[in-house]
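Colleague: The sequence and its predicted three-dimensional model are supplied below.
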Amino acid sequence: MDAYVEEIRKLENKFSELEIHHVDRDNIVGADVLSKLGSTRAAVPLRVFVHELHHPLVKIQSQQATDAKAPTTVREVLMIEEDWRLQFIDFIREFKLPPHVEAKSAEAARIIRRSKGFVLIGDNLYKHSASGILMKCVTLEEGKDILREIHEGVCGNHAT
């Protein structure tokens, strides 16, 4: 978006007046209609002209840096995955909300409401199912290991 604003700023002296308004994504009716028109391949209404763009009209800074053979900076992103079960375990065990959650907030109400569907047996969290079966809640990493075992382990390739 910044690249487009920069291009507009280069041309603004050619106009007597220029206004730029920021429009939230939720309020962009015209763009929404155009995207639906493109995705459905609907017939184009009369007096509407379509010009298909196959590449951006404005070079983005990353493209300009690549074109100029400038040294690129490396960005590393570190994701710290919090155990999703902890908020429910703490609330069930001690009626304690996470430190970043205010007691009267909507998030606190959500944690309280959702914790009613869980039960703590020992140190393990289980979720009640509609059929009355308790389903063990696992971490994201344990879930990935379970799926990997299902798809690659003994049950992996049963088409012999």
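Modeller: All right, it came through fine. Numbers count the residues shown, from 1 in each chain.
Colleague: lowest-confidence helix or strand of the protein?
Modeller: When each helix and strand of the chain is scored by mean pLDDT, DSSP states H and E, helix 61-67 comes last, with a mean of 55.
Colleague: Which element is encountered next along the chain beyond it?
Modeller: Next helix or strand after helix 61-67 toward the C-terminus (DSSP states H and E): helix 86-94.
Colleague: The very next helix or strand once past that next one: which residues count as buried?
Modeller: Moving toward the C-terminus from helix 86-94, the next helix or strand (DSSP H and E) is helix 106-115. Of the residues in helix 106-115, 108, 111, 115 count as buried by neighbour count, 16 or more other Cβ atoms under 10 Å. Any C-beta I mention is one placed from the backbone N, CA and C, and that applies to glycine too.
Colleague: For helix 106-115, which helices and strands make contact with it?
Modeller: Counting contacts by 3 or more Cβ pairs under 8 Å, 6 or more residues apart in numbering; DSSP states H and E, helix 106-115 packs against helix 86-94.
Colleague: Contacts for the helix it packs on, please.
Modeller: Helix 86-94 is contacted by residues 96-98, 111-112, 114-115, 118-120, 125, 137 when judged by Cβ atoms under 8 Å, 6 or more residues apart in numbering.
Colleague: Now with 7 Å, please.
Modeller: Residues from elsewhere that reach helix 86-94 (Cβ atoms under 7 Å, 6 or more residues apart in numbering): 96-98, 111-112, 115, 118, 120, 125.
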